[in-house]
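1. I need the structure of the sequence given here:
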Amino acid sequence: MSTLSTHVLDAVRGVPAAGIPVEAFARGIENDWHRIGSGITDDDGRVTSLADTPLDPGTHRIVFVTGDYFAAHDVEAFYPEVCITFVVTDERHYHVPVLLSPFAYSTYRGS
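-> Next up is the predicted model:
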């Protein structure tokens, strides 16, 4: 059974990014996306259980709605959202962290 979590760190302020809405999607048979879960990052910048059901093998996407987060901190930002697409290949826990700044972001396959 594959599960999904995420963590967002505000790399400029050096703190977890709390209050960011996050949605998870799976690609369907006809290349359409359907939502499989959602959440809001907690005070530690985490959503510990992002998918409502176990992940099936295939292509998935997480969308982080970052524009309001930056606006709330009175920061001009280039990316109003961050979209990370990844492939689930085997049964395991998938953790997708994001290091966020107003003009850049990075991610990696976490554990």
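
2. just give me the neighbour total for Gly45.
-> Residue crowding around Gly45 was assessed by other Cβ atoms under 10 Å; the count is 20. (C-beta placed from N, C-alpha, C; glycine too.)

3. ok, now the one 4 residues further on?
-> Around Ser49 sit 11 other residues, with neighbours defined as other Cβ under 10 Å.

4. same deal with Pro102?
-> 16.

5. what residues are up against it?
-> Pro102 makes contact with Val12, Phe70, Val75, Glu76, Ala77, Phe78, Tyr79, according to Cβ atoms under 8 Å, 6 or more residues apart in numbering.

6. rerun at 6 Å
-> Residues near Pro102 by Cβ atoms under 6 Å, 6 or more residues apart in numbering: Phe70, Val75, Ala77.

7. would you say the second one is within a strand?
-> No: with DSSP: H, G, I helix; E, B strand; the rest coil as the criterion, Val75 is coil rather than part of a strand.

8. and the contacts of Pro102 as JSON lines, adding pLDDT?
-> Formatted as JSON lines, the contacts of Pro102 follow (pLDDT from 0 to 100):
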{"residue": "Phe70", "pLDDT": "97"}
{"residue": "Val75", "pLDDT": "95"}
{"residue": "Ala77", "pLDDT": "95"}
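
9. type out the PyMOL command that picks the buried ones from those.
-> A single PyMOL command selects the buried members of the contacts of Pro102 (16 or more other Cβ atoms under 10 Å):
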select buried, resi 70
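
10. measure the nearest residue to Arg46 once chain neighbours are set aside to Ala104 for me?
-> Closest residue to Arg46 apart from its sequence neighbours, by Cβ to Cβ, 6 or more residues apart in numbering: His7 at 4.8 Å. Relative to Ala104, His7 is positioned 17 Å away (Cβ to Cβ, to the nearest Å).
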